[in-house]
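heads up, no residue letters with this:
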């Protein structure tokens with residue numbers, strides 16, 4: 001038959017069932033507080049730090065910062081002869097931005113003048129008997 005084992009108290013006088021509360025037991029007891037308070041507080045502090053350091057200032061690695069761009073369309077079409085402004089420069093209303101090549105327009109004016117002169121000659125020739 002099996003004999004019943006007897007347990008004797010420690011030499012220090014403490015019963016064997018009473019253990020010292022170690023770090024593991026302390027963590028088990030405080031796990032709810034850690035998960036409900038400490039972890040969200042750490043996440044909130046990290047999120048606030050990221051927000052304050054991240055979005056308020058424009059920074060770039062390639063030294064290009066985007067700005068408002070405006071599409072410029074002239075009333076007439078033609079080749080651009082010279083550009084008077086550089087990229088990124090502020091301009092005011094009425095400033096010259098570019099010059100359109102005037103040669104095709106001079107040719108069109110000359111051609112229109114010659115047609116008008118020819119029509120006047122024909123009309124003048126028809127009026128004389």
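Okay, I see it. As the structure is a computational prediction, the values presented were derived from the model and not from experiment.

for this protein, what spans make up the helices?
Using DSSP state H, the helices found in the chain span residues 23-29, 31-33, 39-54, 103-127.

so can I have TSV of those showing distance to residue 85?
C-beta coordinates here come from the backbone N, C-alpha and C atoms, glycine included. Converted to TSV, these look like this (distance: least, Cβ to Cβ, whole Å):
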stretch	distance to residue 85
helix 23-29	67
helix 31-33	64
helix 39-54	34
helix 103-127	22
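
Tell me which of those helices lies nearest to residue 7.
Closest to residue 7 of those, according to Cβ to Cβ: helix 23-29, at 21.5 Å.

okay, the helices of the chain in TSV with mean pLDDT, mean neighbour count and distance to residue 94 next?
Shown next, in TSV, are the helices of the chain (pLDDT from 0 to 100; neighbours: other Cβ atoms under 10 Å; distance: least, Cβ to Cβ, whole Å):
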stretch	mean pLDDT	mean neighbour count	distance to residue 94
helix 23-29	77	10	74
helix 31-33	81	9	69
helix 39-54	89	10	40
helix 103-127	92	10	22
